[in-house]
Structures are given as structure tokens and as C-alpha cells.
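**Q** quick one, structure for this:
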Amino acid sequence: MRGSELLYVVKSRALLVLGAALVGVMTAAALAAPWAAPFDPLAIDPDAVLLEPSSLHLFGTDALGRDVFARMLYGAGVSLRVGLISVGISVSIGTTVGLIAGWFRGLIDECLMRFVDVMLCFPTFFLILAVIAFLEPSLTNIMIVIGLTSWMGAARLVRAETLSLRELEFVQAARLAGAGTARILLRHILPNAAAPLLVSATLGVAGAILTESGLSFLGIGVQYPFPSWGNILIEGKETLGVAWWLSLFPGLAILLTVLGYNLLGEGLRDLLDNRAGR
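**A** As a prediction, this is how the structure comes out:
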């Protein structure tokens, strides 16, 4: 690709490029944490308490002398795991429910969609808080709970796509050829519904990261001493007047990561809409 063509692609897909760049930086930081972190994120140093950012400690240190940059890198890994695994759970459940409801319709569709409506009546964050209150706070439980409480949007999206696709000629031809329901759903309908589902999943990652950060900030997410952007913010709240860096850097990380996934999702939506309109 020539330079002028590359420049045109970048300009016309600015949201997609910027989102992919932000997500790529966060992902690289998460994967490189074991090698890129200059210090042990759990190591306490009484002689380095609340040091300002410097060439030795790029993001300063916290109230226990731990290097904030190292904790931020490992916190990126937490956010990446929470985002991908919880969205994987929610998309799997939502896709299954949407395919069944859209294909069989009738009473099955009514029952499943009314259950979705009931789930949507509860504010997701408060529903997660209620469930977490009965479980031991852990990263695994957080990922599972976020996934189990955020599948409704994917279910409604896949159902709508299934209702539209099931009447098309290629699906009718597959039915006349003797293809079973499972084969039609998995080989013909699901691949054609994958594009909008991908956009929804990308936006869902941003929501999952934000939810985990909020739970950790409230003290019921990732537990001490393991690092998370949310629990670093808690420390920053306690020392805001003397250690501004403990609030600034994790706050920026959350902002840029969530922004990156949202821009990536919006960029993918525009790209897929343009291709569909051709």
C-alpha cells in the first residue's frame, strides 16, 4: 500500500485506528508486565514511601513504598482478563439464548425474552453488588458474575439477527437439503450474525473493565495486596492531598482503556455498516 493510500485509510478510519492503538498499548502492557515491570509490585520498601514520579519510579510510589508503575502494569493484566473472560461468558450465554429464541419463536421465544426483560429491569452494577455480597471477593468470581449479569444485550441482538436470517433463501435451501437445526444455526446463521456481535462484544469489554474498577474501588473487587487500577485509586483517595500520582495514573489508565475499546467498537460498527451498504 502506498503512503497516500495508507494516509487515506487512517483519516477515514480515525476512530478505528485510535481505538486499536489504545487497546494495543494496554494489551502490550499487560502481556509485557512480568518483563517490563522494574520492581516487584508487591514488594514493600519503607524507605521509598510516597515518592514522587522520577526516573527511578516513573509513576512514584504508594504509602507502603511499592512502585506504582509496576502495579499499573500488573493491573493492566487484571483488566484484560476481566474484560475478555467476562465478555466471553456473556457472549456465549447471550448467543445461545438469542439463537434458540429467534429460531424456535413462539412460546420458547416469549419465555426467554420475558426473562431477558426481567433481567434488564435490575441495574447491572447493583445486581453485581448484590451477588458479590454473598460470594468471596476474588478475580474469578468477579469475572463470572459480570459475565452472568451482562448477556442480555447479546441475546437480543442475536435473536433479532436470527429472526431476519431464518427467512432468507440460503437458510431455506439448507433446510430443504435436510440440514439439522444445530447445523443451520452454527454453520449458516451464527457466522452471518457475527459482525454485529463482534461490535457488541468490543463495547462490552469496556463496560466489564469499568465495572471491575468500580468494584475494586469499593473494596469488593480484586483484593489486597494484588494490584488493580481500582484498588490503586482507593489508595489515591486516602492520600490525594500529598500523593496526586496515585489518583492520576490509574484514573488515566481506566479512561484511556475504556475510551479505546469504545472507539474500537464504534470504528468497527462504521466499517461493517459501510461494507454492508455496498
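**Q** distance check, residue 38 against residue 91.
**A** Distance from residue 38 to residue 91, counting by C-beta to C-beta, to the nearest Å: 36 Å. The C-beta positions use only the backbone N, C-alpha and C, and glycine is treated the same way.
**Q** what do you get for residue 133?
**A** For residue 133, the distance to residue 91 - C-beta to C-beta - is 26 Å.
**Q** which residue of these two possesses the greater neighbour count?
**A** Each of residue 133 and residue 91 has its neighbours counted (other C-beta atoms under 10 Å); residue 91 has more, 23 against 9.
**Q** isn't the more buried one right up against residue 203?
**A** No: using C-beta atoms under 8 Å, residue 91 is not in contact with residue 203, being 11.4 Å away.
**Q** what's residue 255 sitting at in phi/psi?
**A** Reported as degrees, to the nearest 10, the phi and psi values for residue 255 are phi -60, psi -50.
**Q** can you read off the pLDDT for it?
**A** Among the per-residue scores, residue 255 holds a pLDDT of 92.
**Q** same question, residue 8
**A** Looking at residue 8, its pLDDT reads 51.
**Q** so what's the residue nearest to residue 89 when sequence neighbours are not counted up against?
**A** Distances taken as C-beta to C-beta, 6 or more residues apart in numbering put residue 147 closest to residue 89, at 2.7 Å, once the chain neighbours are dropped. Going by C-beta atoms under 8 Å, 6 or more residues apart in numbering, residue 147 touches 85-90, 93.
**Q** separation between residue 147 and residue 68?
**A** 30 Å.
**Q** do the same with residue 96
**A** 42 Å.
**Q** who has more neighbours, the two?
**A** Neighbour comparison, residue 96 and residue 68: the larger count goes to residue 68, with 28 against 15 (by other C-beta under 10 Å).
**Q** surely that one touches residue 57?
**A** Yes: the criterion here is C-beta under 8 Å, and residue 68 meets it with residue 57 at 7.0 Å.
**Q** give me phi/psi at residue 178?
**A** The phi/psi pair for residue 178 (degrees, to the nearest 10) reads phi 90, psi 10.
**Q** just the pLDDT at it, thanks.
**A** Reported pLDDT for residue 178: 78.
**Q** what's the neighbour count on it?
**A** Every residue meeting other C-beta under 10 Å relative to residue 178 is counted, giving 7.
**Q** what sits against it?
**A** Applying C-beta under 8 Å, 6+ apart, no residues contact residue 178.
**Q** distance of it relative to residue 169?
**A** 16 Å.
**Q** again with residue 67
**A** 61 Å.
**Q** all good on my end, thank you.
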